[in-house]
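Asker: sequence isn't available, so here's the structure alone:
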């Protein structure tokens, strides 16, 4: 092959600048291209590859690094290396690099690992290139989910059941309407009676509950709470009332369901807290209507009831089954769940919510996988408007992170299966010179990137590599937090 052919074939790995990304460029030493042109008839040894790296002003690799990336297909890697573009089973039984596709496959693996676990491909190469086999295996083993332990840990204590149609009653809006105790009169009952008395004076004998809550009394005196009251009375809005005692009966029927649902939801929160260190998936969403609760309950059932996930027996936080005593406790609980969960599933609603956006941002900044489920229109808008959640930084390492976006619940289940089975699949691309993107293969979402902006790249490198003591502290922090993954 000619120099131009090789440059074209390896364009994905040509980033310019210093480091491994500047090894194969038009300005590279002619000896590199001459040797690579003969690789099909004269296989490339580790010693010769190191010489070519030297000609390209890059450091040598260890025997074990060479074996790991070009001569083996490790089953204990955090994702399926055989799924990467250009793989051939023959690569894993050769003592040398036997072709340009073989060389590309090893580089592809190295670039993917660099984007997944380091702030740049160059940093990854220089960190790992001298490692022994044990060091490499240990490093990547820490990035894996402990699938065997997850499958063998046995079932958790069962949660309290709440009928799907009653789950809306566990919301904070309903709590404000019905009060803390069954014997409390409840704000909703007081407002309904007040509105009914006014309607009677106006000559209305049998108004609907909806008419009362949308009438003059509520809009003028309780306007700030109108949506809360409508939400809380949703199951009886179209029922008519003919007396104050009639209101009392209808209110009591819903209040009874409210207190039963709330009691079970509070108990479920205790169960979630008791298994927080074993929590696998946190589901983040915002629910503003009874139908939202129904749809969210159905979505959780479809996702986690999927046949592909049954063997894993995943522990997941279902937001339609949990309540807190107050909104302050609720915030603490949700932050704790995000911190401890291994993966976050973000379910978009009709309107954006600060709460779930903050939860997804926290998860991404902690380096956790985030799956963003939304309908087709929202998915298009997500990409068109470049949602802020699509580009964040893991604070501990400087690694860029992005959410996986899909409009399919089946995709959500499949991604969870791949994650927890360590079978993720990725695609690498360079959309513009020096700029790398790593895409999750199923949804084609950008989950990692490396910027081509030199000042930004240097700033990231300086922040995350400036002080060896800082790196030691980050290393200790990662070690302490591994229990959330393993």
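Answerer: Noted; the coordinates are in hand. These numbers come from a predicted model, not from an experiment.
Asker: so what's the residue count around residue 418?
Answerer: Neighbours of residue 418 under the rule other Cβ atoms under 10 Å: 20. To be clear about C-beta, it is placed using only N, CA and C from the backbone, and glycine gets the same treatment.
Asker: so where's the chain shaky on pLDDT?
Answerer: The chain contains residues with pLDDT under 70 at 351-352, 380, 382-390, 466-486.
Asker: show me it divided up by domain.
Answerer: 3-141, 164-262, 276-484 (automatic domain parsing).
Asker: so for residue 154, which of those domains sits nearest?
Answerer: Closest approach to residue 154 among these (Cβ to Cβ): domain 276-484, 8.0 Å.
Asker: do you know how far residue 11 is from residue 23?
Answerer: Distance from residue 11 to residue 23, counting by Cβ to Cβ, to the nearest Å: 13 Å.
Asker: residue 152: which of the domains of the chain is closest?
Answerer: Closest to residue 152 of those is domain 276-484 (Cβ to Cβ; 9.5 Å).
Asker: now the closest one, how far from the centre of its chain.
Answerer: Distance of domain 276-484 from its chain centroid, counting by Cα atoms, centre = their mean, to the nearest Å, is 2 Å.
Asker: how about stretch 271-287?
Answerer: Centre-to-centre, stretch 271-287 and its host chain are 14 Å apart (Cα atoms, centre = their mean).
Asker: span of it from start to end?
Answerer: End-to-end distance of stretch 271-287 (Cα to Cα, to the nearest Å): 22 Å.
Asker: mind listing what's buried along stretch 43-63?
Answerer: By neighbour count on 16 or more other Cβ atoms under 10 Å, the buried set for stretch 43-63 is 44, 46, 49, 50, 51, 52, 53, 55, 56, 58, 61, 62.
Asker: can you get me a residue count around residue 78?
Answerer: By other Cβ under 10 Å, 21 other residues sit near residue 78.
Asker: can you pull out the strands in the stretch 351-486 of the chain?
Answerer: Using DSSP state E, counting those that start in this stretch, the strands assigned to the stretch 351-486 of the chain run over residues 370-373, 392-393, 400-401, 404-406, 426-432, 435-440, 445-450.
Asker: could I get those strands as JSON lines with distance to residue 169 and mean neighbour count?
Answerer: Formatted as JSON lines, the strands of the stretch 351-486 of the chain follow (distance: least, Cβ to Cβ, whole Å; neighbours: other Cβ atoms under 10 Å):
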{"stretch": "strand 370-373", "distance to residue 169": "24", "mean neighbour count": "26"}
{"stretch": "strand 392-393", "distance to residue 169": "35", "mean neighbour count": "18"}
{"stretch": "strand 400-401", "distance to residue 169": "36", "mean neighbour count": "24"}
{"stretch": "strand 404-406", "distance to residue 169": "30", "mean neighbour count": "24"}
{"stretch": "strand 426-432", "distance to residue 169": "43", "mean neighbour count": "15"}
{"stretch": "strand 435-440", "distance to residue 169": "37", "mean neighbour count": "21"}
{"stretch": "strand 445-450", "distance to residue 169": "36", "mean neighbour count": "22"}
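Asker: is it possible to export those to JSON lines including distance to residue 355?
Answerer: Output for these, formatted as JSON lines (distance: least, Cβ to Cβ, whole Å):
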{"stretch": "strand 370-373", "distance to residue 355": "15"}
{"stretch": "strand 392-393", "distance to residue 355": "17"}
{"stretch": "strand 400-401", "distance to residue 355": "20"}
{"stretch": "strand 404-406", "distance to residue 355": "19"}
{"stretch": "strand 426-432", "distance to residue 355": "30"}
{"stretch": "strand 435-440", "distance to residue 355": "25"}
{"stretch": "strand 445-450", "distance to residue 355": "22"}
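Asker: measure the spatially closest residue to residue 76 that is not a sequence neighbour to residue 66 for me?
Answerer: In this structure, residue 76 finds its nearest non-sequential neighbour in residue 141, 5.9 Å apart by Cβ to Cβ, 6 or more residues apart in numbering. Counting by Cβ to Cβ, the gap from residue 141 to residue 66 is 20 Å.
Asker: packing partners of the helix or strand containing residue 333?
Answerer: Element membership of residue 333, judged by DSSP states H and E, is helix 327-340. Packing partners of helix 327-340 (3 or more Cβ pairs under 8 Å, 6 or more residues apart in numbering; DSSP states H and E): helix 244-274, strand 281-284, helix 354-365.
Asker: just the buried positions in that helix, please.
Answerer: Residues of helix 327-340 classed as buried under the neighbour-count rule (16+ other Cβ under 10 Å) are 330, 333, 334, 337, 338, 339, 340.
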